[in-house]
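# Coordinates for the following, if possible.
(2 chains)
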Amino acid sequence: MKRWLVTALLAGFAALTAPPADAQTAQFKGLAAASRDLSSRLAPRDKPIELYDFLPAEDLDALLGSWAGFGSEHNFRNGVPNALNMVIWHATLERFSAAMGESCARPRLAFHPRFLATLKQVCAWPGAAAQSETTLQEFWLAVMGYSAPESEYRAWRDFFRTAYAAKPPAETVAAMTLAITMNPHFLLQQ
Amino acid sequence: MTDGRRLFRRVGSSARFAALALAALAAAIIAVVPAEAQQRPSWIDEVRLFPAKIAREQAWNKRWWIEKTARLLRGGEGISPDDDIDALMKLSEDEILRRFMRDARFGDTVLDFNLFMLGFKPDRLNTGGTYDRIAFDFSNAVAAAQAALDGGDYLKLFDLEGPLYLAPLSQEPEDAPTGQDAGLTSPQLRLKAFGELRAAFAAVIKIGKAPARPNGDWFCLQVGNLVARREALVKRVLRAFNDAEVFVLTRTQAIEAPFEPVAKVLAEECDGQPEQWVEVHLLVAAMEQAVAQFDKAFAEMLKFEPARYRPRSVAEFRAFDRAALPGAPAWLAFGHEQSIALGNSSTNFNRKRAAYVLKRFFCDDVVASPPEPPTPHGEAKAETSCTACHAKLDPMAGFFRGHGAYFYDYGRVPAIVFDDLSTIERGKYEQAWRAPPNAGREWNIGYIRSASTPGGNLYGSTLADLSRIIREAPEAKRCLVKRLFEYMVTPDQMIDGGYLDHLAGAFEREAAVSSSEALKNTILRIAQSQAFRQRNLVARQCYDHAPGTNPADVPPCRVSFVLKKNCAGCHDSAENGDGNLDLGAWVMAPDGRNRTFPHWNKFYDQVAPEETLAKLVERLATLDPKLRMPKNRIMRADERAELLEWAQQELARLKQRSER
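This next block holds a predicted model:
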C-alpha cells in the first residue's frame, strides 16, 4: 500500500512537471526561413526583410537553427530550443518589432502596399477601428499567416484589447509583432 | 521536533500521510488549470456554434495547408499579399499542388531538395532573387531541377558526369587588388589579366611573323621563355577569380592546357636542332592556336560576367559551353564544396567518397549503421566489424580510383596526388581494386548489396558505370523517395517501411515513363499524407501506412525497422524461428486486451506479453556474450537503446494496465 502510494505520488508529480499534450516538439525553422516567411507576407518581392540585420551581433544566426556550412556535409544544427538561442531570438525579434512599431510614424522597412495599409490601420491604436476584428485579424494573418490555429489568434487579440487598451500605437504594434513572432507556431518548423 | 515530525504526529500514520499528500496533489493539479477555465466554460459556445465552428476550423486548416504547400513548392515563398488565397480555397488539393508546381519557383524547390538529397542543403538558394554561388555548384542537381521543370529526365540527379553550370562571375576580388591593380573590380581585373596573357603570346608571335626570319635558336629561346613562364602567367590570370572559379579553371585546365601544344612543338623544333632547321612558322602556328583557344574559353567565360548573366530562376541557369574548353571535357558532378568535403587522403583510398555515395544515393549509412557482417557467426567481433563496412566501402571507392585531390582526374598521368599532398604511382595504387584471378572481371569495383551472397552485386569500373548502377538500382529510387518525405515533412520523422515501399514502388513505375512526372506525383502523394498535415509531429510515430495495411498487425512503427534489421532474420516464426519467437508480427495476446509478438512456449501456447518483453529487455541489456542479442552481430548503439527503451516502457504500461 505504502509503495503504491509513493508510486502514485511520484507519477502525480511527474504529470505536473510534464509538458502539456499539445506542446510543440519541432526545432526552430532558422533565421533564414523566418526572414523568408516575413518577406513573403510583408515585403515587396525585390526588397526582402532580412532578420540578420536585427541580430544583436554578427554571425549569431548559426545558433538559431541553420543548414549553413562549408567543407562538410550540411546538417540542420542548433535548431533545438535552449536558453541561449531563445535569448538571441528574443533580442533579434524585439529589435525587428521595434522597427515595426516605429514604422507607425515613418516606415523603417520596405513594406508591401497591402501590408502598409493594414499597418496604417493598426497604427490608429487605440481607436475603435484599430481594435476591430477585421483590422486585428488582418494584422495577425499578415505576420503569422495561417501557421497557428485560430485559438492563438483569439488569445492574442483579447490580450491586446485588454492589456494594451490605452497604450500608444508604436508600443502596441511593437508588442503585437513581438508576441506573434515569438509564438512557437511562428518560430518552429511545421 | 521538526515541522515534518509534528505534522506526521498529527496525521497519525504513513498511509494517512500519503493519502493527505495525494489530496494535496489533486488540489495542486486543479489549481494549475489556467485562469480562463474558471470563466464561462467554452463548451457552451462550442455546442451552440458546433457546425459553424467545425467548418471554420476546416477552412482555417486548409488555408494553413495551402500556405505550407506554397512555401514548400515555391522555394520557401509562402502565401503573399499578391496571392488570392480565396481563389485557391475553391480548388481541390490536387489542383493547388499542380498549380504551385507550374510556378517558376518550383525549380528552386527541386534544386533545394536535390541539394538536401546530396547532403549540402543551404539555408537559402537566393537572396532577393539573386542566386547564391552554392546553387550552381552541384551540376547534377541543377540539371535534374531543370529537367523536372520541362518534363525531362529528372534522374539526371544520379549522373556523376554532365554539364557544367557556372555561377555569375565574382564582382569583387577575394583579396583587395594592390599595386597597379588597385581599385579594379573583378570584371576589370579579368579583362586586364586576359589581356596580359594574350600580350605575352602576341609579343613572341610578332617576332616570329616579322618580315625577316628571326634566328632559330634565339626564337626557340623566346618561345621557351614563354612556356617556362606558364605557371607565373596562369597565376596572373587566376588573381582575377575567386576560389570557386579557380577550382573550375584548374579542373578544366582552361588556361594551362593551351600551353601544352606549344611545348610539344617547341620540343620537336628546338631540341637538338641546328638553328636553320627550326620551323619558325610551326612555332608561330602553335602559339596562335593557343591564343585562339584562350580567346574561345575567355569569350565563353565572359558570358558569365554578372553584368550579362543574372538568372532569375533555375530555368535560366545556363550551362557552360564545354566545347570552348581544351578537349571539351565532361564535367564531374562533384563541385567545389564537395571536393573540399570529400577529400581523398593517401590512407583513405577514396573510402570517404564511397561512404558518401552509399549514404546519399542508397540511404546506406555504413558509418552510422554498420551492415551485416559477411562472415558466419563466431568470428572475432573486431574482425567482423571491419569486414562488414569494408566489404561495401572498398569496392565502391574503386570507382574514384582515378580521382585524386579535389576530384582532379589523374587517369591520364602516371602518378596520383592526394589531398594530403602525398603522391603514389597510379599502377601501384590501383592494385587495391584489381580483382583476384578467376573472378571473371578485371576490377573488384561495384555496388555490393551483400558480401555473403554476391549474386545481387553490381560491378563496374568507371564513374559512368556507377551512374548507370545508381540509375538502375531500386535502392536509389527508394532512397530518393525517403529523402523527399524527409524534406517535405521533417528530416527526423519516422516513416513506415510499408508506406515507403508503396511510395517508392509508384515512383519507380512512373519513372519508367517519365521521371519528372514521377517526382511530381510523389510530391503530390506526400503533400496529401497524414504526416504532412500534422501541425505538431511526434518524430517516432508513423502517420501513414501502405494501402490495405492494418497498423495493428505489425509491430509498432517506432521499433519495427530496428527489429526487422537486427532481429527478425532469426526470430521469424513462433513455430520454427529461434526461441519460437516472431519479431516481425504483432498479434492479440491471450488476455484479449494487449498486442504482442507471436511467442510460443514448449506447449505451443502463446507466452504472455510481459514475459516476452521481459526476455527481450534481458537479452538486450545483458553483457554476457552467450545471452546478448543479436547474437554475434553488430547492433547500432542507438538502435539497441531505442528498442530497450521501448520494451521497458511497454512493460511498464502493461504492468500499469494490469494493476488498474
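
# What is the burial count for residue 94?
I went with chain A, as the question did not name one. Close neighbours of residue A:94, defined as other CB atoms under 10 Å in any protein chain shown, add up to 18. Placement of C-beta: from N, CA and C, glycine included.

# Sorry, I should have been clearer: chain B.
Neighbour count for residue B:94, taken as other CB under 10 Å: 11.

# Quickly list what residue B:600 is bridged to.
residue B:606 (DSSP bridges).

# Might one say that it is in contact with residue B:608?
No: contact criterion CB atoms under 8 Å: residue B:600 and residue B:608 do not qualify, at 11.8 Å.

# In contact with residue B:405, which residues?
B:343-344, B:417-419, B:421 (CB atoms under 8 Å, 6 or more residues apart in numbering or on different chains).

# ok, the residue nearest to it when sequence neighbours are not counted - how many residues close by?
Leaving aside its chain neighbours, residue B:405 sits nearest to residue B:419 (4.5 Å; criterion: CB to CB, 6 or more residues apart in numbering or on different chains). Residues within reach of residue B:419, counting by other CB under 10 Å, total 19.

# got it, and residue B:347?
There are 9 residues near residue B:347, going by other CB under 10 Å.

# what does residue B:207 give?
Neighbours of residue B:207 (other CB under 10 Å): 15.

# Quick check: it is in a strand.
No: secondary structure of residue B:207 (DSSP: H, G, I helix; E, B strand; the rest coil): helix, not part of a strand.

# Give me the mean pLDDT for stretch B:458-465.
For stretch B:458-465, mean pLDDT rounds to 95.

# What degree of burial does residue B:309 show, as a neighbour count?
Residue B:309 has 16 nearby residues by other CB under 10 Å.

# Quick check: it vs chain A, distance?
Taking CB to the nearest CB, to the nearest Å as the measure, residue B:309 falls 18 Å from chain A.

# tell me the SS of residue B:470?
Here residue B:470 is helix, with the state taken from three-state DSSP.

# Please report the number of neighbouring residues for it.
Residue B:470 has 24 nearby residues by other CB under 10 Å.

# thought it was touching residue B:361?
Yes: with contacts counted by CB under 8 Å, residue B:470 reaches residue B:361, the gap being 5.0 Å.

# Would you mind grabbing the residues shared as contacts by these two?
Contacts common to residue B:470 and residue B:361, judged by CB under 8 Å, 6+ apart, are B:158, B:476.

# Up against chain A, what does the stretch 301-450 of chain B have?
B:337, B:340-341, B:356 (CB under 8 Å from any CB of the partner chain).

# Which is the succeeding secondary structure element to the helix or strand harbouring residue B:361?
According to DSSP states H and E, residue B:361 maps onto helix B:351-362. Toward the C-terminal end, the helix or strand that comes next after helix B:351-362 (DSSP H and E) is helix B:381-397.

# now that next one: mean pLDDT?
77.

# Tell me the one of the residues of the stretch 301-450 of chain B next to chain A nearest residue B:229?
Comparing those against residue B:229 with CB to CB places residue B:340 closest, at 29.6 Å.

# max-length helix in chain A?
Counting residues, the longest helix found in chain A (DSSP state H) is helix A:83-102.

# Can you list the buried residues in that helix?
Buried positions in helix A:83-102, judged by neighbour count with 16 or more other CB atoms under 10 Å in any protein chain shown: A:85, A:88-89, A:92-101.

# Next, see if it gets close to chain B.
No: using CB under 8 Å from any CB, we find that helix A:83-102 stays clear of chain B, coming within 15.1 Å at best.

# pLDDT averaged over that helix - what is it?
For helix A:83-102, the per-residue pLDDT averages 97.

# and it, what other elements does it pack with?
helix A:169-181 (3 or more CB pairs under 8 Å, 6 or more residues apart in numbering or on different chains; DSSP states H and E).

# to the chain's geometric centre, what's the distance from stretch B:518-531?
20 Å (CA atoms, centre = their mean, to the nearest Å).

# for the residue nearest to the spatial centre of chain B, what are its contacts?
Among the residues of chain B, the one closest to the centroid is residue B:118, at 2.6 Å (CA atoms, centre = their mean). Counting by CB under 8 Å, 6+ apart, residue B:118 makes contact with B:138, B:140-141, B:338, B:360.

# Dihedrals phi and psi, it?
phi -80, psi -10 (degrees, to the nearest 10).

# Just the pLDDT at it, thanks.
pLDDT at residue B:118 comes out at 97.

# Give the burial count for the residue nearest to residue B:285 when sequence neighbours are not counted, as a bare number.
Leaving out its chain neighbours, the residue that sits closest to residue B:285 by CB to CB, 6+ apart is residue B:265, at 7.9 Å. Residue B:265 has 20 neighbouring residues, counting by other CB under 10 Å.

# same deal with residue B:606?
Neighbourhood size, residue B:606 [other CB under 10 Å]: 19.

# do the same with residue B:573
When counting by other CB under 10 Å, one arrives at 17 neighbours for residue B:573.

# Secondary structure, neighbour count and pLDDT added to the contacts of residue B:118, as JSON lines?
Listed next are these as JSON lines, based on DSSP: H, G, I helix; E, B strand; the rest coil; neighbours: other CB atoms under 10 Å in any protein chain shown; pLDDT from 0 to 100:
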{"residue": "B:138", "secondary structure": "coil", "neighbour count": "25", "pLDDT": "96"}
{"residue": "B:140", "secondary structure": "helix", "neighbour count": "25", "pLDDT": "97"}
{"residue": "B:141", "secondary structure": "helix", "neighbour count": "28", "pLDDT": "98"}
{"residue": "B:338", "secondary structure": "helix", "neighbour count": "21", "pLDDT": "94"}
{"residue": "B:360", "secondary structure": "helix", "neighbour count": "19", "pLDDT": "96"}
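
# Okay, and the closest residue in space to residue B:556 that isn't next to it in sequence sits in which element?
In this structure, residue B:556 finds its nearest non-sequential neighbour in residue B:646, 7.1 Å apart by CB to CB, 6+ apart. Of the helices and strands defined by DSSP H and E, residue B:646 is found in helix B:637-659.

# If we go by neighbour counts, what in that helix is buried?
Buried residues in helix B:637-659 (16+ other CB under 10 Å): B:639-640, B:642-644, B:646-648, B:650-651, B:654.

# Same check on stretch B:95-115?
In stretch B:95-115, counting by 16+ other CB under 10 Å, buried: B:96-97, B:100-101, B:103, B:105-115.

# again with stretch B:548-556
B:551, B:554-556.
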